[in-house]
Structure formats: structure tokens, C-alpha cells
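K.L.:
model the following, please.
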Amino acid sequence: MTGFVSLVGAGPGDADHLTLGALKALQSAQAVLYDALVSEDIIALAPAKCVKICVGKRGDRLSVPQDKTNALMVRLAKKGLHVVRLKGGDPSVFGRVEEERDYLEAHNIAHKTLPGVTAASAAAAQFAFPLTHRGEARSVTFLTGRTKDGSIDLKETAVCDPQTSLVFYMSSHNAAHIEARLIAAGRSANTPIVIVENAGRAHARALKSTLSQLATQVSDAAYEGPVLIGVGEAFRFARLDASATLNACQKLQMQAQTA
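P.N.:
As a prediction, the model looks like this:
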């Protein structure tokens, strides 16, 4: 009997961000193919006898090619296994999920997709800022800074509206280009920005500044983890100490549960 594949969003890192559906899929998995940024505590939720294989991709680092990941999903499913393709964040946000679904369908493998918390939502909760705000930010746009050729194409008509919040994923290496193009498109150099590294994880860090300081701030910080860049009026509300408060509340909650 042919198995099936669950394309599961693992969220940005913390197991607390898993959906109930994702947890159930993991607990019933017979094989897990996981991204590089999926945390060990999430992987540990799969059964001990489950096959666990890292197929992650990291920018500018040695990675597993997408075609090999696709072929591995099919090979394991054809052995009759329930395969969980565990993807960081939400599969539908810069997650190559459609490439994987197309490949599975081309090989007659049944599949389902389970959503996850995307990094922008996790960062907004962790550092207590809105992505939209009545009267100031009426829409939010997610953009990627890592295209196939390594460039980033900013369409002025899509990014110049001061009431649109912009969130750039995987864009720290293109910070200077983003700053220059947004200012050229009409965004004020004083537009608030927030830069978040490792959003959703206990060791996340964030800083606030203005658009004219974006490239300098990213260069000085020398980030190693995944970075989100938020540009827009909504990000002036970011509370940089909110993450520590959140972690303290979580510890108190755990203590209450074990008391």
C-alpha cells in the first residue's frame, strides 16, 4: 500500500507555536524530512522509531537540493509510510510547498498541507508590535530577499504606500539595496523599521531604527540566524523588552503547572 505525505508547518522554532494538527501529524509520522531551522524539541515529538532526515536549506551554505528532497518523499511514501515533510514557518510563505505538491501529484502520492505560524506573526507577538494598525497601516506585504539569482526586485508601485507594512524575509544580505530602493520609491528616510533575528525563539533579538539606518544596523549586528526586516509605521510600536517578559511569563506558567 502506498503511503502519504503531510506537508507540515513547524512554525519559527519554538514548539509552543505548533498547531494541534501539526503535533498530531508528527506523533503519527513514520518518516520525517525536516528543514534546517526546525528545532530539536519539535523533532523529538515524533516517535522514537521514526526515520528522521534533515533536508534543510540555509542561505549560502551547503544544502540538500530540492529535487533530492522531492524524490525522497516519493520513495518513502511508496514504501507505505506516513511521511511528514516538516517545514519551517508556514509552508505557503516562501516554503516551496507548491513545487513539492506538484511532484507528489505527478507520482500519484496522496498529500495534505497543514499551516504553521509564519515568522512575521511570531515576531509581532514576541516583540509586541502590530503588522497592521487602524489609521496607520492598512495592509501588510511579505517579500523575499532571496530569489533564484540572488537579487531582489522591488516594484515601486507595490512598496511606496506609507500605509503598507513591509516584511522582508531572508533579506539581511540585501539591506543596502532595500534601503536605497525604498527611499528612491518615495518612502521617508525616517520610516520606522524593526530588525528581528531568530523570531519566535527564546534567544531572539530585535532592534528599532529608521529606514536610513537599515544597512548600517544590519552590517553592525553581523547576524548569523534568520533575519526579518519590517518597514513601516506599525513597527514603531515594537517593544524590545517584550521578549524577556514573555519568557518570564512562560516560566511562571510552567512552574504553576508542575506545582
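K.L.:
can you show me the strands along this structure?
P.N.:
4-9, 31-34, 51-54, 82-87, 110-114, 139-144, 164-169, 192-197, 205-210, 227-231 (DSSP state E).
K.L.:
now the third one: buried residues?
P.N.:
Right, the one you point to is strand 51-54. Residues of strand 51-54 classed as buried by neighbour count (16 or more other C-beta atoms under 10 Å): residue 52. For glycine as for every other residue, the C-beta is placed from the backbone atoms N, C-alpha and C.
K.L.:
over to the fourth one?
P.N.:
Under the neighbour-count criterion of 16+ other C-beta under 10 Å, strand 82-87 has 82-87 buried.
K.L.:
what's the neighbour count on the nearest residue to residue 50 once chain neighbours are set aside?
P.N.:
Closest residue in space to residue 50, ignoring its immediate chain neighbours: residue 29 at 5.2 Å, by C-beta to C-beta, 6 or more residues apart in numbering. Neighbour count for residue 29, taken as other C-beta atoms under 10 Å: 23.
K.L.:
before we move on, what about residue 80?
P.N.:
11.
K.L.:
also residue 92?
P.N.:
Residue 92 has 15 nearby residues by other C-beta under 10 Å.
K.L.:
same check, this time on residue 240
P.N.:
Around residue 240 there are 15 residues (other C-beta under 10 Å).
K.L.:
what pLDDT does the model give the residue lying closest to residue 235 once chain neighbours are set aside?
P.N.:
Nearest residue to residue 235 in three dimensions, chain neighbours excluded: residue 194, at 4.2 Å (C-beta to C-beta, 6+ apart). pLDDT recorded at residue 194 is 97.
K.L.:
residue 194 reaches residue 131, doesn't it?
P.N.:
No - counting by C-beta atoms under 8 Å, residue 194 sits too far from residue 131 to count as a contact (10.8 Å).
K.L.:
appreciated, that's everything.
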